[in-house]
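J.: Build me a model:
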Amino acid sequence: MSHPEKPLERHLLETLKIAKDIALGCGYQLSDAEKRSIIMHDIAKAHPAFQRKLKSGRGRFGHAEPSSVLVLKLTRDLLYTEAVRRHHSALQNFSSEVWKFWNEWEWNDEKEQLFASLPWWAGANQVADKLQLDICSWQELLPSDDEWEELLSEVVDTFGIDPNQPIQNDWLRMRRFFSILVAADRLEAAVGETTVFDQPIIDSSLLYNYIKKLKGTKLSEWRDRVRQDVVKNSRVVLDKPNIYTITLPTGAGKTITGLQVAMEAAQRFKASRIIYVLPYVSLVEQNADVASKILNGVREDHHLAYGKEQEAGEEKDEKQKTLEDFISFFRYWREPVIVTTLAKLWEVLYSPRANDSMSFHLLSNAIVLLDEPQSISVNHWRGFGHTLEMLAAQMKCSFILMTATQPEILQGQELVPTPVSFPSVRHVMHWIDGKNVIEDIAARMVDYGALEHNSLFVLNTRKSALLMWMNIKKRGINPLFLSRWLTHIDRNRILKDLKSKEKNKERRCLVSTQVIEAGIDLDFELVFRDLGPLDSIIQVAGRCNRHCGIDLGNVYITELTNKKKSYAAQVYDSVLLQQTRLLLQEKQEWDESSSTEIISAYYAGLTKAIDSSPLWENISKGNWGEYISLFNNYDRNEAMLIIDYGGDIVQALEMLQEPLNNNSDKMLQVKKRKEIFQRLSQCSISVPTKYLNEWYEHCGALIWDDEEKMIEQVGKDMWLVSQQGIGTIYRLDIGFVPLEIADLLLEIVTDT
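T.: Down below sits the predicted model:
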């Protein structure tokens, strides 16, 4: 047996069948060596030790390593061998871990005895027939001592040294096969059968009906003309899978334009799927809603999406439910249209973990829309660009990079026929020289009209944003607030409030962190931005007079400091800030029409000043076990803080922390845990552990007997704010409040 009540030969042969279907769905045919590797990927499960483990649920037996030895003998291909050896874990570096493993894996009597214990059971004949081998025992596949030495010297030790075969091509071959093997193995184990991969079905009437609803103003008519020009030009330029760009100013309708270009390209190239990649989860939810109105078969893919019903109201049979569970569990890109995050695409491309890489093969012959790609750190641009070029050339994948500030990731063919500017200049940028404190800038913005105009303040840190919010509130404005210290639930509520105020032409003021930068369709007349990278500043400026509601909006930029260090320096690379400072000090004041020229100068300076990350070098040197995070400033000293809105979170946490039952369906158990975790993610945030400890120590003196604690640690890197702590530690209007700021809040009158 391979799994409870499943014959091993059935798992091996069905996994091969599924793998062939998966490959064909991506326009790829498995080689004989790949087929043999897949058939043999779990063959060592025939060992009596594994069979005892399967029956009892106790003990351990690593079947992947001995299975991979037979694959090495059968295929003489180290890539496929390693894919089998690591298909339950993660890829390793070839120059170190892989070479060391095989050279230390001595061929001795103990190892031979391991294979001698593999029984030739009735189903083994089916496996041997599929391998096209005339054998009667697995021992017949074993290498002799001389053969083993030859495999080490001619296969293992020579890997990657052929100058005519760039190792980057090996990376692509490995990653594609690894993802097919892992997906087929998991799919067969969980669902038991193959799945149909539908191509995107393009119904132009859905698109045009949606566009009709957007018409009615001069600005919407201009956006429609821009869209038509880009789409018309793309029909000529976009003639084969390649790298393309769409460069349009913020607010020019890139979403609809890009989706229509992708839809037509998918029809022209008979694409396997459309993958729409956005920088933030909030944008995925927003743009997935748009995509689902103009395309069929859309799946919203991010960590908050799963657990909620994808197709509400539709009755599904048991097999459909099992397949849905599989897709949700592994976040597998089966559907014809995927709307996902840049972080997920990054995992699919670069993570060595088996489950993370499962969707890699689905990039074959896909149309990939990359929205706001400048959000990728500059030091990754070169490596990311080389990766996209290789995928376009060898997997027939088309990439369309869409932004107002096109980064120098690579040179793509521009689909916008002529540079586009708004019909009128919407705003002017003003640089306020020197380093300023929050109190002074708040007062100055009031002098500039923040009380009379719809205003937006964008800060670099959550603490500085809270301080600005308090200073603005003291001056007679009742501002709304957005940051990642607000839960997903409260951020969505505040965004809806803002959009409602805008629709009803009510006065509005928002203080926010960078969560407002890209893709949020809000409009303000006066904007303030603390110093940041120039492309981030221009993205924020896109919220100023976005819909041309006034003659001219104003955007003010300065460098805020807490008297010791600037807030920008706490978040951004010093090279990015210095390049921005130099340009701002030189220009001092400019209008929107100059932004393209200035951003080009900024990017040119950056590419000379910043060293590239080893992203591409890792691929080129076989360091495939390394993983370079997309987010360079990831803080590992943060914990998950859960807000117990309804007082029922403790029970969910207890279910989450129960140990897995080996006698029950583990996948079902883990699925239920993921559903709980998804629910918790809606009402949780990440907070530095030191801030949580400060609150815990402060509140300790207030707890008597069995009184409910305002905050407590409920697991490793997991804390809980009770209902008693809502309004103090966490507020519904501004989110988590650090202890040092809580005292300052007492100085102002607030409505929570």
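J.: Direction included, what does the lengthiest strand in the chain pair up with?
T.: Taking DSSP state E as the criterion, the chain has its longest strand at strand 427-436. In the sheet containing strand 427-436, its partner strands are strand 553-560 (parallel), strand 589-591 (antiparallel), by DSSP bridges.
J.: out of those, nearest to Lys474?
T.: Closest of the strands paired with strand 427-436 to Lys474 is strand 553-560, at 17.0 Å (criterion: Cβ to Cβ). Placement of C-beta: from N, CA and C, glycine included.
J.: So this protein: which segments form each domain?
T.: Listed by automatic domain parsing, the domain ranges of the chain are 8-190, 204-414, 427-587, 638-745.
J.: Would you map the helices across the stretch 201-350 of the chain?
T.: Taking DSSP state H, counting those that start in this stretch as the criterion, the stretch 201-350 of the chain carries its helices at 204-214, 218-237, 254-269, 281-294, 318-330, 342-350.
J.: Just give me how far the second one sits from the chain centre.
T.: On the basis of Cα atoms, centre = their mean, to the nearest Å, helix 218-237 sits 29 Å off its chain's mean C-alpha point.
J.: Alpha carbons only: can I get the helix ranked longest in the chain in PDB?
T.: When the chain is parsed with DSSP state H, its longest helix is helix 167-190. Provided in PDB are the C-alpha atoms of helix 167-190 (Å, rounded to 0.1, in the frame of the first residue of the first chain):
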ATOM      1  CA  ILE A 167      23.000  25.700 -15.500                       C
ATOM      2  CA  GLN A 168      20.100  28.200 -15.600                       C
ATOM      3  CA  ASN A 169      18.500  25.800 -18.100                       C
ATOM      4  CA  ASP A 170      19.000  23.000 -15.600                       C
ATOM      5  CA  TRP A 171      17.200  25.100 -13.000                       C
ATOM      6  CA  LEU A 172      14.300  25.600 -15.300                       C
ATOM      7  CA  ARG A 173      14.100  21.900 -16.200                       C
ATOM      8  CA  MET A 174      14.400  20.900 -12.500                       C
ATOM      9  CA  ARG A 175      11.800  23.400 -11.300                       C
ATOM     10  CA  ARG A 176       9.300  22.500 -14.000                       C
ATOM     11  CA  PHE A 177       9.700  18.700 -13.400                       C
ATOM     12  CA  PHE A 178       9.800  19.200  -9.600                       C
ATOM     13  CA  SER A 179       6.500  21.100  -9.700                       C
ATOM     14  CA  ILE A 180       4.800  18.600 -12.000                       C
ATOM     15  CA  LEU A 181       5.900  15.600  -9.800                       C
ATOM     16  CA  VAL A 182       4.800  17.300  -6.500                       C
ATOM     17  CA  ALA A 183       1.500  18.400  -7.900                       C
ATOM     18  CA  ALA A 184       0.700  15.000  -9.400                       C
ATOM     19  CA  ASP A 185       1.800  13.100  -6.300                       C
ATOM     20  CA  ARG A 186      -0.300  15.400  -4.000                       C
ATOM     21  CA  LEU A 187      -3.300  15.400  -6.400                       C
ATOM     22  CA  GLU A 188      -3.300  11.600  -6.700                       C
ATOM     23  CA  ALA A 189      -3.000  11.100  -2.900                       C
ATOM     24  CA  ALA A 190      -5.700  13.600  -2.100                       C
END
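J.: For it, give the mean pLDDT please.
T.: The average pLDDT for helix 167-190 rounds to 94.
J.: Which strands and helices lie in contact with it?
T.: helix 8-25, helix 32-39, helix 78-85, helix 318-330, helix 381-395, helix 615-620 (3 or more Cβ pairs under 8 Å, 6 or more residues apart in numbering; DSSP states H and E).
J.: which residues touch Thr341?
T.: 277-281, 284, 301-302 (Cβ atoms under 8 Å, 6 or more residues apart in numbering).
J.: which residues of this protein score low on pLDDT?
T.: 163-164, 282-283, 303-319, 517-519, 632-636, 656-671, 701-707, 748-752 (pLDDT under 70).
J.: Which positions in the helix or strand following the longest strand of the chain come out as buried?
T.: Helices and strands here follow DSSP states H and E; after strand 427-436, the next one along the chain is helix 438-447. Neighbour counts over helix 438-447 (16 or more other Cβ atoms under 10 Å) mark 438, 441-442, 445-446 as buried.
J.: can I get the residues you listed in TSV with distance to Leu13?
T.: TSV is the format used below for the buried residues of helix 438-447 (distance: Cβ to Cβ, whole Å):
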residue	distance to Leu13
Ile438	67
Ile441	69
Ala442	70
Met445	70
Val446	74
